[in-house]
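Peer 1: got a sequence here, can you build the structure:
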Amino acid sequence: MWLALVILIAVLGTAILSGVIGMAGGMILMAILVTLTPVPTAMVLHGAVQAMSNGSRTYFLRQHIVYRLLPPYLVGAAVAVAGFLGLTVIPDTAVVLILVGAFPWLGRLTPHLHGLDITRPSTAVACGALVTAAQLLAGASGPLLDVFYLHANLNRHQIIASKALTQTIGHLLKIGYYGVVVGVTSEVPSTLIVASMATAVLGARIGTRLLDRFDDSSFRRLSGYVILSIGAACVAKGVLDLASG
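Peer 2: Just a heads-up that it's a prediction; the model follows:
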C-alpha cells in the first residue's frame, strides 16, 4: 500500500517536471523505481508510465509538433533497434549512465557540440540513433536528448511537443525490446500500472499548464540548469554502481 503510494507520488511529480521543462522526469523516475522495486518491475512500470506521460503531452501540445523532425529521427532509431536486435541482451547500465550524464556537460564545454541542432536532418538521424540506444540501455535518455534541442531555433512549446512525440516512440520501442525480444517478465499488479498511467496523464496536464508561465528565455535557462544537475547525478550513480559491482 505504502509502496504503491510512493510510486504514484513519484509518477505525478516527475510527469509535472517533464511537462514544464520537457525532460529529466523519466531519468528521475527510473532511479526511484529501480531503488524501490526489482529491475523487471521498474522496466515495465517505467515504460508504461513514460509512454503514457509523453503520449498525453504529445496530444495536449499536438498543434506545436514539428513533424519534419520525425522522419530522420526514425531512421536513426531504426538503426539503433537493428543493432540491439543482434544483441538480445540486457546491457550494463552503469557505463551508459556515465556516458548519458556526461554528454550534456560536453555539449556546454565543447564548441563543436554546441552546433548540434535537431532541425538539421543529419543531426536528427544521429539524435534518433543515440537517444534510442540510450533508452534501450538505461531506460531513460532525457539528458542526452536535451542536448539536441537547446540550440535549435524552436520555441518552448515546439521543443516540449516534439520531444514528447519522439520519447513516446522510444518508450514503446523499449517495451517491445525488453518484453518481446529479451523476454523480461514482471509481476506488476495491473491496478498499479493503470493507476500510474492515469497519474502520469494528470501530471502531464499540470506540467503543460505550468509551461505557459515561462517565456522562452526562462525556459532555456531553467532547462540548462536542470539538465546539468541531472547529468551530474547520472554520472555519480553510474560510478557508484560500477564501484559496488
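Peer 1: only C-alpha atoms from now on, for both contacts and neighbour counts.
Peer 2: Noted.
Peer 1: what segments of this structure are helices?
Peer 2: Using DSSP state H, the helices of the chain run over residues 2-21, 25-36, 39-60, 70-85, 93-109, 121-138, 142-147, 156-176, 190-211, 216-244.
Peer 1: count of residues packed around the closest residue in space to Ile159 that isn't next to it in sequence?
Peer 2: Spatial nearest neighbour of Ile159, excluding adjacent residues (Cα to Cα, 6 or more residues apart in numbering): Tyr149 at 6.7 Å. Other residues near Tyr149 come to 22 when the count uses other Cα atoms under 10 Å.
Peer 1: residue contacts, the nearest residue to Thr14 once chain neighbours are set aside?
Peer 2: Leaving aside its sequence neighbours, Thr14 sits nearest to Gly25 (Cα to Cα, 6+ apart; 4.2 Å). By Cα atoms under 8 Å, 6 or more residues apart in numbering, the contact set of Gly25 is Gly13, Thr14, Ala15, Ile16, Leu17, Ser18, Gly142.
Peer 1: low-confidence ranges, this protein, go.
Peer 2: Scanning the chain for pLDDT under 70 picks out 21-24, 40, 88-93, 107-115, 182-187, 220, 245.
Peer 1: can you rerun that using 50?
Peer 2: Residues of the chain meeting the criterion pLDDT under 50: none.
Peer 1: so who does the residue nearest to Ile159 touch?
Peer 2: Going by Cα under 8 Å, 6+ apart, Tyr149 touches Leu116, Asp117, Ile118, Ile159.
Peer 1: got a winner among the residues you listed for most neighbours?
Peer 2: Ranked by neighbour count (other Cα under 10 Å), the contacts of Tyr149 have Ile118 at the top, with 27 neighbours.
Peer 1: circling back: just the helices of the chain: most buried one?
Peer 2: helix 142-147 (a mean of 26; mean count of other Cα atoms under 10 Å).
Peer 1: outside of that one itself, list whatever touches it.
Peer 2: Under Cα under 8 Å, 6+ apart, the answer for helix 142-147 is 23-27, 100-101, 103-104, 107, 116, 127, 130-131, 163, 227-228, 230-231.
Peer 1: over to stretch 123-137?
Peer 2: With contacts defined as Cα under 8 Å, 6+ apart, stretch 123-137 is touched by 69, 72-81, 84, 90-93, 96, 100, 116-118, 140-141, 144-145, 148, 170-171, 174, 177.
Peer 1: try it again with 6 Å
Peer 2: Here stretch 123-137 makes contact (Cα atoms under 6 Å, 6 or more residues apart in numbering) with Pro72, Tyr73, Gly76, Ala77, Ala80, Pro91, Thr93, Ile118, Ser141, Gly170, Lys174.
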